[in-house]
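**Student:** Coordinates only, no sequence provided:
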């Protein structure tokens, strides 16, 4: 892809900040916007010391002026609407023929609404939520699940390459968000089982390191086991993907399942378990803090 194209990136959080940095490092012409000036300043301090040149705009609309591609990575449906279709949003200034790539995890309905708004202005759209967490964003190793037309995907793919480990075109607009919902449902179920398994091993007085070694080499192996077993056994949760965000994502998944006439009892149960952790003050803890609601055996 022509590296002289203009890219606007909206949202410099724990995911969007590193993604913006990877685009700049790849040689793209990048303009960024973040709602919090403090976070934008932190980005400058952490990334521009590497010699990366990124312009900063005062509003999303200003960032998107004349942009060939706009990427968004914000918090939820409401945040995304505020930086895209609301007054001062990117759709005010994005030129006809440009491309919007949304990396926010939203509802499928929001993705479809935004896709329609883009189509009305002659703008291509791809909903492209990501998985891999902060570490994946920082290392440029995100899994990106995408919804949109074949043409839009062909244009979006080289833009996403600098921060992607895998890019999969799942289907039409909204399919990326639905795939992300399935992703979060899988994570929730795995962490529920992993939490109970660790408590069982602890209660039985097993060597936790040896237990991990024994079971991680077989069918029980998972990313969560490999990356969270050690910290869960030490009650360390002050990092990673916050429970507040997981509950937001699971809410979207449960709503979409209901819309489709489906039952998701395990997801609903784990979501309520997370509500208990929130109520005890664990809102910003990593999702592996699910184990904290389970008491240890008296041995």
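**Tutor:** Yep, that arrived. Source: prediction; values computed, not measured.
**Student:** Pick out the residue nearest the middle of the protein.
**Tutor:** For the chain, the residue nearest the mean C-alpha position is residue 130 (4.5 Å; Cα atoms, centre = their mean).
**Student:** give me the beta-bridge partners of that residue?
**Tutor:** Beta bridges link residue 130 to residue 144, judged by DSSP bridges.
**Student:** Wait, it touches residue 146, no?
**Tutor:** No. If you go by Cβ atoms under 8 Å, residue 130 and residue 146 don't touch, sitting 9.9 Å apart. The C-beta positions use only the backbone N, C-alpha and C, and glycine is treated the same way.
**Student:** Partner strands of whichever strand in the chain runs longest, with direction?
**Tutor:** In the chain, with assignment by DSSP state E, the single longest strand is strand 164-171. Next to strand 164-171 in the sheet, as set by DSSP bridges, lie strand 142-147 (parallel).
**Student:** and the longest helix for this structure?
**Tutor:** For the chain, the helix with the greatest residue count under DSSP state H is helix 175-203.
**Student:** Okay, angle between it and strand 164-171 too, please.
**Tutor:** 120 degrees (axes from the mean of the first three to the mean of the last three Cα atoms, to 10 degrees).
**Student:** so what's residue 232 up against?
**Tutor:** Listed by Cβ atoms under 8 Å, 6 or more residues apart in numbering, the contact set of residue 232 reads 194, 195, 198, 288, 291.
**Student:** I'd like to know which of those is nearest to residue 39.
**Tutor:** Using Cβ to Cβ, residue 288 is the member of the contacts of residue 232 that lies nearest residue 39, at 25.2 Å.
**Student:** ok, now which ones touch that closest one?
**Tutor:** The neighbourhood of residue 288, defined by Cβ under 8 Å, 6+ apart, consists of 191, 194, 195, 224, 228, 231, 232, 237, 240.
**Student:** Report the buried residues of the very next helix or strand once past the longest helix of the chain.
**Tutor:** Of the helices and strands lying after helix 175-203 in sequence (DSSP states H and E), the nearest is helix 208-215. Residues of helix 208-215 classed as buried by neighbour count (16 or more other Cβ atoms under 10 Å): 208, 211, 212.
**Student:** next one: stretch 93-102
**Tutor:** Quick answer for stretch 93-102 (16+ other Cβ under 10 Å): 93, 94, 98, 99, 100, 101, 102.
**Student:** The fifth one is in contact with residue 94, isn't it?
**Tutor:** Okay, so that is residue 100. Yes. Between residue 100 and residue 94 a contact is recorded at 6.8 Å, counting by Cβ under 8 Å.
**Student:** intersection of neighbour lists for these two?
**Tutor:** Common neighbours of residue 100 and residue 94 (Cβ under 8 Å, 6+ apart) are 70, 123.
**Student:** Low-confidence stretches in the stretch 151-299 of the chain?
**Tutor:** 299 (pLDDT under 70).
**Student:** residues in contact with residue 74?
**Tutor:** 10, 11, 13, 16, 35, 80, 82, 83, 104.
**Student:** ok, for residue 166, nearest residue in space, not its chain neighbours?
**Tutor:** residue 143 (4.9 Å; Cβ to Cβ, 6 or more residues apart in numbering).
**Student:** What about the one you found, how many residues nearby?
**Tutor:** 17 (other Cβ atoms under 10 Å).
**Student:** Is it in contact with residue 133, as I believe?
**Tutor:** No. If you go by Cβ under 8 Å, residue 143 and residue 133 don't touch, sitting 10.3 Å apart.
**Student:** The longest helix of the chain: which residues count as buried?
**Tutor:** Result for helix 175-203 [16+ other Cβ under 10 Å]: buried residues 175-181, 183-185, 187-188, 190-192, 194-195, 197-199, 201-202.
**Student:** can you give me how far it is from the chain middle?
**Tutor:** 16 Å (Cα atoms, centre = their mean, to the nearest Å).
**Student:** Now do the strands in the protein.
**Tutor:** 6-10, 29-33, 55-56, 69-72, 99-102, 124-127, 130-131, 142-147, 164-171.
**Student:** Which residues are in contact with residue 39?
**Tutor:** 12, 13, 17.
**Student:** how far away is it from residue 21?
**Tutor:** Counting by Cβ to Cβ, to the nearest Å, the gap from residue 39 to residue 21 is 13 Å.
**Student:** Could you count how many residues lie near residue 255?
**Tutor:** Neighbour count of residue 255, defined by other Cβ under 10 Å: 14.
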